[in-house]
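Engineer: here is my input; please provide its structure:
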Amino acid sequence: MEIEKGKVHAPEIGATWINSEPVELRSLRGRVVLVDFWDYTCVNCLRTLPYLVEWHKRYAEKGLTIIGVHTPEFSFAANEKFVRAAMERFGIRYPVVLDNGYAIWHAYANRYWPAKYLIDGKGYIRFFHFGEGDYGASEEAIQTLLREINPQAEFPPAMDPVRDTDKPGAVCYRTTPELYLGNKRGKLGNASGFLHENENRAGDYKLPEQVNADTVYLSGPWISRDECARSAPTAEDPASVLLYCTGKEANLVMAPEGEPQIVELLHEGNPLATDEMGTDVVRNEAGQTIIQVDSPRMYNLVRNPAMKQRLLQLVSRQAGLECYAFTFTTCMAQDDPPW
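Structural biologist: The predicted structure is shown next:
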């Protein structure tokens, strides 16, 4: 949204502050405030964080205050310990507030992760942006409002893109949409659908003869919960997730219930090629491509050199692997081969 004169003051921000004393927006009159709604399991949020971290370094002393509003998509993400760990992992030093009850989310009538609201020195919302991208325009808006409070201020050129896919000319293709594995929002391709929903007992899932694209299938013993599917394998019958998907990258939000989990990741029944392994995938001594799920977060499964269709399979041989949602990235740098 273009800079324009605001008519409505930004709502106040309450709730639990993680790394600062409570901040009232009215106390920040005379400063520019950027309110960023995020969730540490959200791939789009994580991809915007390098820009926010750098804007904080560049402009905090020039009059900008960034406030991260962490509104959890999944119940485990309401845990302050996990949010603190994510903040440390991504180098977040600006104030972050926990919005576990969605009070701030609703006060701003927000609907998106991530979402940025830029507030001028008089407390009016003057600019907003939803989702990834347009980082140059966002930084330009920051500088415009900072000049209003200090016309003599000097600023550096806008940040260079941190990824090739953020540069002009990048092309975005159709990808598999976000897919949930909990019975509240998810949908399975299995003929049975979800079995024994929220009964805390395993259902035995059978694969059809043919699987469809962009559809999640379960195989073996799984417990169906609102937000996730929880593995319950036996010695003879492992628990698997099967998905025929399209994307440049594939991610899965996972959590261990209890001890850390080792999950095997396969492409068409084989280990992933080295140049396609996600950042959370390693190859063990047996040549398997595996992921160690040791905390609740998003895990990067696949990083393709180009857009690709693939049949992914995750195999769990331990009880207690919780699978929440698949996400995919779609944009390619201008010079990359699309397929």
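
Engineer: can you give the domain ranges for this protein?
Structural biologist: With domains defined by automatic domain parsing, the chain comprises 16-162, 172-332.

Engineer: Ser75 contacts Glu227, doesn't it?
Structural biologist: Yes - judged on CB atoms under 8 Å, Ser75 makes contact with Glu227 at a distance of 6.3 Å. Glycine gets a C-beta too; all of them are placed from N, C-alpha and C.

Engineer: give me the more crowded residue out of the two.
Structural biologist: More neighbours surround Glu227 than the other of Ser75 and Glu227, with 22 against 13 (other CB atoms under 10 Å).

Engineer: so what pLDDT did that one get?
Structural biologist: Note on Glu227: pLDDT of 98.

Engineer: mind listing what it touches?
Structural biologist: 74-75, 182, 184, 324 (CB atoms under 8 Å, 6 or more residues apart in numbering).

Engineer: same question, Phe326
Structural biologist: So Phe326 contacts 176, 178-179, 181, 216, 243, 245, 250-252 (CB under 8 Å, 6+ apart).

Engineer: would you mind confirming that Leu243 makes contact with Leu218?
Structural biologist: No - counting by CB under 8 Å, Leu243 does not reach Leu218; the two are 10.3 Å apart.

Engineer: what about the two, which has more around it?
Structural biologist: Comparing Leu243 with Leu218 by other CB under 10 Å, the one with more neighbours is Leu218, at 26 against 23.

Engineer: quick check: the gap between the nearest residue to the more buried one once chain neighbours are set aside and Phe326.
Structural biologist: Setting aside the residues directly before and after it, Leu218 is nearest to Tyr205 in space (CB to CB, 6 or more residues apart in numbering), at 4.0 Å. Look at Tyr205 and Phe326: by CB to CB, to the nearest Å, they are 17 Å apart.

Engineer: next, count neighbours for Trp55.
Structural biologist: Residues near Trp55, counting by other CB under 10 Å: 20.

Engineer: quick one: it is in a helix?
Structural biologist: Yes - checked against DSSP: H, G, I helix; E, B strand; the rest coil, Trp55 lies within a helix.

Engineer: isn't it right next to Glu139, touching?
Structural biologist: Yes - when contacts are counted by CB under 8 Å, Trp55 is listed as touching Glu139 (6.7 Å).

Engineer: now the common contact residues for these two.
Structural biologist: Met159.

Engineer: next, give phi and psi for the residue lying closest to Arg283 once chain neighbours are set aside.
Structural biologist: In space, and not counting its chain neighbours, Arg283 is closest to Thr289: 5.6 Å by CB to CB, 6+ apart. Taking degrees, to the nearest 10, you get phi -100, psi 120 for the backbone angles of Thr289.

Engineer: so who does Thr289 touch?
Structural biologist: 264-266, 271-272, 277, 281-283.

Engineer: with Gly269 instead?
Structural biologist: Gln313.

Engineer: what's the distance between it and Thr71?
Structural biologist: 39 Å.

Engineer: would you agree Asn200 is in contact with Asp226?
Structural biologist: No - under the criterion of CB under 8 Å, Asn200 makes no contact with Asp226, lying 11.7 Å away.

Engineer: hang on, Thr144 in a helix?
Structural biologist: Yes - using three-state DSSP, the assignment for Thr144 is a helix.

Engineer: and it, how many neighbours?
Structural biologist: Neighbour number of Thr144 under other CB under 10 Å is 15.

Engineer: what helix or strand is Phe82 on?
Structural biologist: Per DSSP states H and E: Phe82 is located in helix 80-90.

Engineer: go through stretch 171-181 and flag the buried ones.
Structural biologist: Residues of stretch 171-181 classed as buried: 175-176, 179-181 (neighbour count, 16 or more other CB atoms under 10 Å).

Engineer: no wait, stretch 321-335
Structural biologist: 321-332.

Engineer: among these, which lie within strands?
Structural biologist: 321-329, 331-332 (DSSP state E).

Engineer: out of those residues, flag the one nearest to Tyr135.
Structural biologist: Among these, Cys331 lies closest to Tyr135 (CB to CB), at 13.2 Å.
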